[in-house]
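Enquirer: I would like the atomic coordinates for the input below:
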Amino acid sequence: MLYELGREEDDLESMREAWRALQELDRAVAGLEFQRMLSGDHDRSNALVSINAGAGGVDSQDWAEMLLRMYQRWGERQGFKVEVLDLQEGDQAGIRSAELSIAGEYAYGYLRSEIGVHRLVRISPFDAQARRQTSFASVMVLPDIGDDSDSDIEVVDADLKVDKYRASGAGGQHVNKTESAVRLTHIPTGIVVACQMERSQHKNMAIAMRMLKAKLWEREEQRRLAERQALEGEKMANEWGSQIRSYVIHPYQQVTDHRTDLKVSQVQAVLDGDLERFIEAFLLKQGGMDAPGEESAAT
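Expert: Down below sits the predicted model:
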């Protein structure tokens, strides 16, 4: 209305004001839509991220470390608190696995879009003949429900096997002198978690318990999903553990999300933590809305 009046009166200031109001309204609607898409029981929770190297040997372990850095950078860009809880170094380079805590509002709601297998294609820096290598690493994201009083996940002491040992890897001289690392085995399920990044055994125990509760929650969610599948008599879509994204550095540069078909040519920016476009596209598609248009890839 204000814009039309501005056009009729040739009033540029009124037209600019109407345009600014329209942009603010668009942002408000987008914010409300994201709140609707992030309305799951634990979407507001902090996130626990597990990264594991897959097929590809030392290249895969190097790729897992690159993913660890990517999520650390993403968390820092969001102003979240980022902590490495456990890390298993690779034999020659990289890491075999890592557990990462990212604390911030809606951290889990955003990062659940990252669950699955991530594929890297590049010229291997570990191959003397400079051949192209395809590497894989898996990412699991769970809500940190350790301090959630509304959670129905309970751990009985009698169900736990507790191992205390000396931490390994980087961390200072204390790693070789004190048994500060903690490994918990949940006997009924066989789930094992470990934490060795804190100097205090008490802190490592508390963190390991949070990790265990998150994994027990995920196991219960999978059980409920299986029950729904049996009742409905059909296979429900389950992206957990499937290949979700490819990062190609050679022979061209492009990151492709296979669920949303979003393609981005700025590979290094993505590896530096620029994940917002992929997260947004995933949430929009999950909410039944059209995802943003893809970028043209470099050829």
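Enquirer: Show me the protein divided up by domain.
Expert: For the chain, automatic domain parsing gives the domain ranges 2-37, 157-232.
Enquirer: Those: lowest mean pLDDT?
Expert: For those, the weakest mean pLDDT is recorded on domain 2-37, namely a mean of 61.
Enquirer: which helices and strands does the longest helix seen in the chain pack with?
Expert: Assignment by DSSP state H gives helix 201-232 as the longest helix of the chain. The helices and strands touching helix 201-232, judged by 3 or more CB pairs under 8 Å, 6 or more residues apart in numbering; DSSP states H and E, are strand 47-53, strand 132-143, strand 181-186, strand 191-195. C-betas here are computed from N, CA, C, even on glycine.
Enquirer: so the helix or strand just after it versus strand 132-143, what angle?
Expert: Reading on from helix 201-232 to the C-terminus, the next helix or strand found by DSSP states H and E is strand 243-248. On the basis of axes from the mean of the first three to the mean of the last three CA atoms, to 10 degrees, strand 243-248 is oriented at 140 degrees to strand 132-143.
Enquirer: And strand 243-248, what does it pack against?
Expert: strand 116-123, strand 254-257, helix 267-271.
Enquirer: Go through these and pick out the most buried.
Expert: Counting by mean count of other CB atoms under 10 Å, strand 254-257 has the highest mean neighbour count of the helices and strands packed on strand 243-248, with a mean of 21.
Enquirer: pLDDT averaged over that one - what is it?
Expert: The average pLDDT within strand 254-257 is 98.
Enquirer: Direction included, what does that strand pair up with?
Expert: strand 243-248 (antiparallel), strand 263-264 (antiparallel) (DSSP bridges).
Enquirer: Save those strands as CSV, and put in mean neighbour count too.
Expert: Shown next, in CSV, are the strands paired with strand 254-257 (neighbours: other CB atoms under 10 Å):
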stretch, mean neighbour count
strand 243-248, 20
strand 263-264, 19
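Enquirer: now the ones you listed in JSON lines, with mean pLDDT?
Expert: Putting those into JSON lines (pLDDT from 0 to 100) gives the following:
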{"stretch": "strand 243-248", "mean pLDDT": "95"}
{"stretch": "strand 263-264", "mean pLDDT": "97"}
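Enquirer: Distance to K161 for the ones you listed - can I get that in a markdown table?
Expert: Output for the strands paired with strand 254-257, formatted as a markdown table (distance: least, CB to CB, whole Å):
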| stretch | distance to K161 |
| --- | --- |
| strand 243-248 | 34 |
| strand 263-264 | 45 |
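Enquirer: re the thing from before, quick one, which of the helices and strands packed on strand 243-248 is nearest to G190?
Expert: strand 116-123 (22.8 Å; CB to CB).
Enquirer: for the closest one, packing partners?
Expert: Judged by 3+ CB pairs under 8 Å, 6+ apart, the packing partners of strand 116-123 are helix 57-77, strand 132-143, strand 243-248.
Enquirer: can you give me the end-to-end distance of stretch 76-91?
Expert: 28 Å (CA to CA, to the nearest Å).
Enquirer: What of stretch 188-196?
Expert: Using CA to CA, first and last residues of stretch 188-196 are 24 Å apart.
Enquirer: Can you tell me what sits against it?
Expert: By CB atoms under 8 Å, 6 or more residues apart in numbering, the residues outside stretch 188-196 that reach it are 85-86, 99, 159, 167-169, 171, 175, 180-186, 204-205, 207-208, 211-212, 215-216, 219.
Enquirer: If any of these are buried, put those into a PyMOL selection.
Expert: Buried residues among the contacts of stretch 188-196 (16 or more other CB atoms under 10 Å), as a PyMOL selection:
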select buried, resi 85+86+99+167+171+175+180+181+182+183+184+185+186+204+205+207+208+211+212+215+216
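Enquirer: Settle this for me: V141 is touching G116, isn't it.
Expert: No - counting by CB atoms under 8 Å, G116 is not a contact partner of V141; they are 9.7 Å apart.
Enquirer: ok, back up a step: now distance to F80 too, for the helices and strands packed on strand 243-248, in JSON lines please.
Expert: Formatted as JSON lines, the helices and strands packed on strand 243-248 follow (distance: least, CB to CB, whole Å):
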{"stretch": "strand 116-123", "distance to F80": "20"}
{"stretch": "strand 254-257", "distance to F80": "22"}
{"stretch": "helix 267-271", "distance to F80": "18"}
